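Student: here is a sequence together with a model predicted from it:
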Amino acid sequence: MLYKTTEAHEALRKKVREFAETVIAPVAFELDQENKYPEDIVAQMADLGIMGIPYDKEYGGAGEDIISYAIAVEELSRVDGGIGVILSAHTSLGTYPIAHYGTEEQKQKYLTPLAKGEKVGAFGLTETNAGSDAGETETTAVLEGDHYILNGQKIFITNAPAAETYVVFAVTTPDIGTHGISAFIVEKDFEGFTFSDHYDKLGIRSSTTAELHFNNVKVPKENLLGKEGKGFNIAMSTLDGGRIGIAAQALGIAQGAYEHALAYSKERIQFGQPLAANQGISFKLADMYTKIDAARLLVYRAAEMKASGERYSLEAAEAKMFASDMALEVVNDALQIYGGSGYMKGMEVERAYRDAKITTIYEGTNEIQRIVIAANTIGKAAKASGGGGGKKKAGKGPITGIRKKEIFDSDDQAENVKNLIAALEKDGYDFSVGIDLDTPIIDAERVVSMGKGFNGNLELAKDLARAFGAAIGSSRPVAETDKILPINRYVGMSGQKFRGNLYVAAGISGAGQHLKGIKDAATIVAINNAPNAMIFKNCDYGIVGDIEEVAPLIIEALGTEDKDPAPEMVKMKRQKPRKTAPKDDIYVCQGCGYEYNPEKGDEENEIEEGTPFDKLPEEYICPKCGEEKDNFIKVSFPEDRTFK
């Protein structure tokens, strides 16, 4: 079989390549250096007619096939991988679910402006605890009258916050895993829908990436996409197509790097001849060319199968895995051919080297692609037998571990502050002593971290830190983006780790990377105006309210006058919540003393929380010693008993 693209395909390639070379190439370095989303270029892409390539003309699309779309992503990525993924995420992720699963009304309202490029789309699936495992989604949607109320957070969302339309996945029926997830169309200006700052990434820096925060966001009932409980199916179907786009992005990045390396190898003279005349270099270039050609065939095959209505999940996984792995190899070889020059900022191969890596991670890591390929070729492995009948395992706990989560949210903020201070003093904190504001985070016994909620009011944040007798810290955006504090004051997984006693997260919503940087704190205090912010699920004490209202009350109560020098830090024991007697009877194994608590279930035997002992399967055995169910005895507790 002779495989060739059509004249129409190559005409489109020529048009997009010319656009990329004349419009994008001159500013690609600037966009990368400034971490800048190219709003004007995206508008020109809409004028070019490539924002809705595979969608019907009746909805504003170009009515072309999937190979045409892949070519467009490839040619943009050949010059700038970031701009390539803007188109890919918009077309494959933000628009496809509406085109394929939306009602006619949803298509008219949302698909048409997306396909025309009047609006940009995005896709909200990934969460801190739900990356490759989408079944761990924690964002919730509760139906109240004519609206669903969304609460939760999404991370690593491509095109956020620039996009205007988002397809978001949330749990509508808890405790049934993926069958309880539904999909929604969410508009950028819905009340309570906010964003983090654009991430400062290693590569694809012209593509904006941010977090989505939902705080009691009212989404009209008619914005449910498909049916309740079908969100996981929608997400997986969408990701299959998205993998074609990422494969095309990887292909384009590799193609661009290869072309630059080829040109350089012909120009660079060493030992009296061009580098390309050296057999070691010529063989490297030959391997690069062949790998790119092989990837292109896989990408176009998957695109053609999708366009033909055939099953293409396996082929999309193959294309994405191979093309992205190939891209890493090719850009590495391209940079090697350039030598030291290729390692310098401003060189196209240096940028390609950074851009290529992400293609092995998003739209399903390449490890996930291998799972998909193996499942299609080997078949799914049988589950190990055991008690519980495959029930859902207990969910993951808070990122910062078990916390007291005592939230003060009365209408009287002065009373809330009074209760917070009393609780902290009861735990042993002395606010008559303090440390220097600039004490290194790693050495500080106490830190007050300034978040975006302060609206840049550094003096107020410093006064709050003085009141607590603490050093000053910040969230990543405050230090890195707003540059209000030095970068060494930033607390988080990729910043400074706090391992002292008291950590006050003031105006911080609680991104996963921030929480991982404070999980060793003895006590975490949260002050935030969003009652559903992630920080409140990971704190010991919290006040719901505007930091600019709460901070002055704390400052007045504790004072900012010079405090006595704090003694050398002694690490305090974390104050864990006291446990009360279980509501249901405990059953104890007579063989080893293992206690079955219905409130906790039995994770090892896959017994979910809340399962009474008499509802356990007859074949249930003790997870510690293997004794049968009949060898358990009941132990009752007084209702008012409290134990540690």
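Tutor: Received it, and whenever you're ready, just let me know what you need.
Student: quick check: closest non-adjacent residue to the residue most central in space within the chain.
Tutor: With distances taken as Cα atoms, centre = their mean, residue 155 lies nearest the centre of the chain, 2.6 Å away. Distance criterion Cβ to Cβ, 6 or more residues apart in numbering; nearest residue to residue 155, sequence neighbours excluded, is residue 211 at 5.0 Å. The way it works is simple: take the backbone N, C-alpha and C, and place the C-beta from them, glycine included.
Student: got the contact list for the one you found?
Tutor: The contact partners of residue 211, taken as Cβ atoms under 8 Å, 6 or more residues apart in numbering, are 153-157, 160, 195-196, 511.
Student: hmm, back to that, just to be sure, the residue nearest to the centre of the chain is in a strand?
Tutor: Yes - judged by DSSP: H, G, I helix; E, B strand; the rest coil, residue 155 forms part of a strand.
Student: quick one, phi psi at the residue of the chain most remote from its centre?
Tutor: Most distant from the centre of the chain: residue 272, at 51.5 Å, with distances by Cα atoms, centre = their mean. Dihedral angles of residue 272 (phi, psi; degrees, to the nearest 10) stand at phi 80, psi 10.
Student: so where's this structure uncertain?
Tutor: 1, 380-397, 578-584, 636-644 (pLDDT under 70).
Student: name the single longest helix found in it.
Tutor: Assignment by DSSP state H gives helix 231-267 as the longest helix of the chain.
Student: give the buried residues for it.
Tutor: 231-235, 237-258, 260-262, 264-265 (16 or more other Cβ atoms under 10 Å).
Student: hang on, residue 207 packs against residue 37?
Tutor: Yes - the pair residue 207 and residue 37 passes the contact test of Cβ atoms under 8 Å, sitting 7.3 Å apart.
Student: neighbour-wise, which of these two wins?
Tutor: Neighbours of residue 207 and residue 37, each counted by other Cβ atoms under 10 Å, are more numerous for residue 207; the result is 29 against 22.
Student: ok, and the closest non-adjacent residue to the more buried one?
Tutor: Using Cβ to Cβ, 6+ apart and skipping the chain neighbours, the partner closest in space to residue 207 is residue 82 (3.9 Å).
Student: skip ahead from the helix or strand hosting the one you found and say which helix or strand is next.
Tutor: According to DSSP states H and E, residue 82 maps onto helix 81-88. Remark: after helix 81-88, the chain's next helix or strand is helix 96-101, criterion DSSP H and E.
Student: how far is the helix or strand just after that next one from where the chain is centred?
Tutor: Using DSSP H and E, the helix or strand that follows helix 96-101 towards the C-terminus is helix 104-106. Mean-position distance between helix 104-106 and its chain equals 29 Å (Cα atoms, centre = their mean, to the nearest Å).
Student: in helix 104-106, what counts as buried?
Tutor: So helix 104-106, judged by 16+ other Cβ under 10 Å, has buried residues residue 106.
Student: just give me the neighbour total for the residue nearest to residue 207.
Tutor: 29.
Student: so who does it touch?
Tutor: Counted by Cβ under 8 Å, 6+ apart, residue 82 has contacts 31-32, 203-207, 355.
Student: hmm, try it at 6 Å
Tutor: Residue 82 is in contact with 204-207, counting by Cβ atoms under 6 Å, 6 or more residues apart in numbering.
Student: from residue 208, how far off is it?
Tutor: Using Cβ to Cβ, to the nearest Å, we find residue 82 at a distance of 9 Å from residue 208.
Student: check residue 536 too.
Tutor: Residue 536 is 27 Å from residue 208, by Cβ to Cβ.
Student: can you check residue 607 too?
Tutor: Taken as Cβ to Cβ, the span from residue 607 to residue 208 is 44 Å.
Student: just residue 398 next, same as before
Tutor: Distance, residue 398 to residue 208, by Cβ to Cβ: 29 Å.
Student: and residue 218, by the same measure?
Tutor: 26 Å.
Student: what do you get for residue 53?
Tutor: 21 Å.
Student: do the same with residue 594
Tutor: Counting by Cβ to Cβ, the gap from residue 594 to residue 208 is 52 Å.
Student: repeat for residue 308
Tutor: Relative to residue 208, residue 308 is positioned 34 Å away (Cβ to Cβ).
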